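Engineer: Below is the sequence, then the predicted model.
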Amino acid sequence: MNLIIKKSLLALAAGAALMGNALADITVGVTVSATGAAASLGIPEKNTLTLLPTTIAGKKVNYVVLDDASDTTSAVSNTRKLITEHKVDVIIGSTTTPNSLAMIDAAAESQTPMISMAASARIVEPVDAKKKWVFKTPQNDIMMALAIVTHMASQGVKTAAYIGFADAYGEGWYQEFAKIAPIKGITIVANERYNRNDTSVTGQVLKLLSAKPDAVLIGGSGTPAVLPQKTLKERGFTGKFYQTHGVANNDFLRVGGKDVEGTFLPSGPVLVAAQLPAGHPVKKSASEYVAKYEAAFGKGTVSTFGGHAWDAGLLMQAAVPVALKKAQPGTPAFRAALRDALEGVKELSGAHGVFNMSPTDHLGLDQRARVMVKIENGTWKYQP
């Protein structure tokens with residue numbers, strides 16, 4: 001082949017490749033627990049994804065959404081599929097702590113930024129070679145545990161018992177609770193576990209009752225967190241009940257009914273946005289999400305879990321324009337630039353709080369991201 005023609009063809013091919021990159025869409029991969037034990041958390045997250053923008057900074061955004069059925073193995077399989085088959089630029093997910101922890105290796109190996117919608121600080125701490133690629137939107141357990149213990153102390157609680165999931169969520173919560181309780185003069189007198197799919201916790205509850213605690217903290221999420229409380233009520237426990245922010249949705253109220261009346265829990269401000277005082281720093285941004293979600297799915301349908309997905313979307317919207325200045329979607333350079341941009345997000349007001357990321361903090365929330373709530377007459381009541 002004539003050398004001049006060959007060089008011309010190569011130039012045309014290179015130009016076409018550059019043009020392809022320049023026109024490439026942004027691809028967002030999502031794995032969410034829309035079915036299974038965590039479905040009451042995952043469904044509002046999946047719903048919220050339909051509210052995220054389809055264009056950012058002039059680029060079309062395609063969302064590939066997979067259901068991991070609340071299963072750790074499926075979450076990892078979905079993650080690898082999103083990376084290898086769909087060539088995603090960023091991953092959002094998953095819903096639960098065990099699933100999110102299991103996904104980290106795949107995200108780090110492929111150098112794909114990941115924004116988790118699960119709570120445990122272990123997902124992003126410490127920020128090492130793997131976790132430098134991982135961010136999350138829910139409040140850390142320590143932040144919420146401090147709110148619970150402080151409230152317990154104000155209510156005169158001296159002894160408390162704990163029962164939580166027999167997984168990373170339940171264990172992480174116990175560790176944080178056990179750190180703070182003694183500082184506030186509260187003695188933990190019992191510590192039990194159960195599985196998310198268990199249908200009976202009678203044995204564990206009998207042990208809790210024999211310890212005669214003033215209050216019980218249930219370290220669970222979604223509707224499976226009702227079981228210990230219901231069983232304790234049936235067995236005559238009259239002390240105070242506390243739940244984690246993992247139950248802040250209407251399915252918990254529906255399944256729990258009268259058995260969860262009077263329960264205290266920490267929550268993101270979005271759950272009681274309308275009740276927040278006018279000067280609350282998150283009232284405006286939380287109310288914006290509530291309005292959009294309820295316009296699409298009905299009044300009273302909003303939950304904190306959908307808010308975590310919304311905040312993941314906001315982080316992405318803030319980071320993409322910055323990353324596009326350095327590289328184009330569909331490339332390793334863009335994924336790296338997007339990771340860097342996420343780490344640089346500052347003063348971003350979301351549904352749950354104000355995000356200020358840094359190289360050592362891939363959550364970026366402070367105390368503005370929590371309030372205490374009480375369940376009264378089947379609804380959430382803000383506790384000033």
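Structural biologist: That came through, no problem. Quick caveat: nothing in here was measured; it's all calculated off a predicted structure.
Engineer: Show me where the stretch 151-300 of the chain dips below the pLDDT cut-off.
Structural biologist: Within the stretch 151-300 of the chain, no stretch has pLDDT under 70.
Engineer: Helices of that one, start to end?
Structural biologist: Remark: helices of the stretch 151-300 of the chain, listed N- to C-terminal, are 168-180, 202-210, 226-234, 250-256, 283-297; assignment by DSSP state H, counting those that start in this stretch.
Engineer: Can you add mean neighbour count and distance to Asn195 and give these back as CSV?
Structural biologist: No exception for glycine: its C-beta is placed from N, CA and C like everyone else's. Written out in CSV, the entries for the helices of the stretch 151-300 of the chain read as follows (neighbours: other Cβ atoms under 10 Å; distance: least, Cβ to Cβ, whole Å):
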stretch, mean neighbour count, distance to Asn195
helix 168-180, 21, 9
helix 202-210, 16, 11
helix 226-234, 21, 10
helix 250-256, 19, 17
helix 283-297, 17, 30
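Engineer: For the ones you listed, could you give me JSON lines that also reports distance to His362?
Structural biologist: Formatted as JSON lines, the helices of the stretch 151-300 of the chain follow (distance: least, Cβ to Cβ, whole Å):
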{"stretch": "helix 168-180", "distance to His362": "16"}
{"stretch": "helix 202-210", "distance to His362": "34"}
{"stretch": "helix 226-234", "distance to His362": "32"}
{"stretch": "helix 250-256", "distance to His362": "28"}
{"stretch": "helix 283-297", "distance to His362": "20"}
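Engineer: closest to Leu146 out of those helices?
Structural biologist: If you check each of these against Leu146 by Cβ to Cβ, helix 168-180 wins as the nearest, at 5.6 Å.
Engineer: Dump the closest one to CSV, keeping only the CA atoms.
Structural biologist: The C-alpha trace of helix 168-180 is given here as CSV (Å, rounded to 0.1, in the frame of the first residue of the first chain):
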residue,chain,number,x,y,z
ALA,A,168,-21.6,-6.4,59.0
TYR,A,169,-24.5,-4.0,59.6
GLY,A,170,-25.4,-5.5,63.0
GLU,A,171,-21.8,-5.9,64.1
GLY,A,172,-20.8,-2.4,63.0
TRP,A,173,-23.6,-0.9,64.9
TYR,A,174,-22.8,-2.8,68.1
GLN,A,175,-19.2,-1.7,68.0
GLU,A,176,-20.2,2.0,67.7
PHE,A,177,-22.9,1.6,70.4
ALA,A,178,-20.5,-0.1,72.8
LYS,A,179,-17.9,2.7,72.3
ILE,A,180,-20.3,5.5,73.2
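Engineer: Against which helices or strands is that helix packed?
Structural biologist: Under the contact definition 3 or more Cβ pairs under 8 Å, 6 or more residues apart in numbering; DSSP states H and E, helix 168-180 sits against helix 97-110, helix 141-154, strand 159-165, strand 187-194, strand 215-219.
Engineer: buried stuff in the second one?
Structural biologist: Counting neighbours by 16 or more other Cβ atoms under 10 Å, one finds that the buried residues in helix 141-154 are 141-149, 151-153.
Engineer: Pull out the C-alpha coordinates of that helix and format them as CSV.
Structural biologist: Listed in CSV are the C-alpha atoms of helix 141-154, where the atom choice follows Å, rounded to 0.1, in the frame of the first residue of the first chain:
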residue,chain,number,x,y,z
ASP,A,141,-23.1,4.6,62.2
ILE,A,142,-21.0,6.5,64.7
MET,A,143,-22.8,9.7,64.0
MET,A,144,-26.2,8.1,64.5
ALA,A,145,-25.1,6.0,67.5
LEU,A,146,-24.0,9.2,69.2
ALA,A,147,-27.5,10.7,68.6
ILE,A,148,-29.2,7.6,70.1
VAL,A,149,-26.9,7.4,73.2
THR,A,150,-27.3,11.1,73.9
HIS,A,151,-31.1,10.7,73.7
MET,A,152,-31.0,7.7,75.9
ALA,A,153,-29.1,9.6,78.6
SER,A,154,-31.5,12.5,78.4
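Engineer: Which of the helices and strands packed on helix 168-180 sits closest to Val127?
Structural biologist: With Cβ to Cβ as the criterion, Val127 lies closest to helix 97-110 of the helices and strands packed on helix 168-180, at 11.6 Å.
Engineer: Could you pull out the buried residues of that closest one?
Structural biologist: When burial is assessed from 16+ other Cβ under 10 Å, helix 97-110 yields the following buried residues: 97-104, 106-108, 110.
Engineer: helices or strands next to that helix in the packing?
Structural biologist: Taking 3+ Cβ pairs under 8 Å, 6+ apart as the contact cut, helix 97-110 packs with helix 72-84, strand 90-93, strand 114-116, strand 134-136, helix 168-180.
Engineer: same thing but 7 Å
Structural biologist: Helix 97-110 makes packing contacts with helix 72-84, strand 114-116, helix 168-180 when contacts are defined by 3 or more Cβ pairs under 7 Å, 6 or more residues apart in numbering; DSSP states H and E.
Engineer: Ok, which of the ones you listed comes nearest Leu363?
Structural biologist: Ranking the helices and strands packed on helix 97-110 by distance to Leu363, with Cβ to Cβ as the measure, places strand 114-116 first at 9.7 Å.
Engineer: of the helices and strands packed on helix 168-180, which approaches Phe135 most closely?
Structural biologist: Among the helices and strands packed on helix 168-180, the nearest to Phe135 by Cβ to Cβ is helix 97-110 (10.4 Å).
Engineer: How far away from the center of its chain is that closest one?
Structural biologist: Relative to the chain's own centre, helix 97-110 is displaced by 14 Å; criterion: Cα atoms, centre = their mean, to the nearest Å.
Engineer: can you check stretch 33-47 too?
Structural biologist: 12 Å.
Engineer: Give me the contact list for that stretch.
Structural biologist: For stretch 33-47, the surrounding residues in contact (Cβ atoms under 7 Å, 6 or more residues apart in numbering) are 32, 65, 67-71, 94-96, 99, 117, 196-197, 221-224, 249, 251-252, 297, 303, 305-306, 308-309.
Engineer: same question, stretch 151-163
Structural biologist: Identification of contacts with stretch 151-163 by Cβ under 7 Å, 6+ apart yields 174, 177, 181, 184-192, 194, 204, 208, 211, 213-219, 228, 240, 242, 264, 372.
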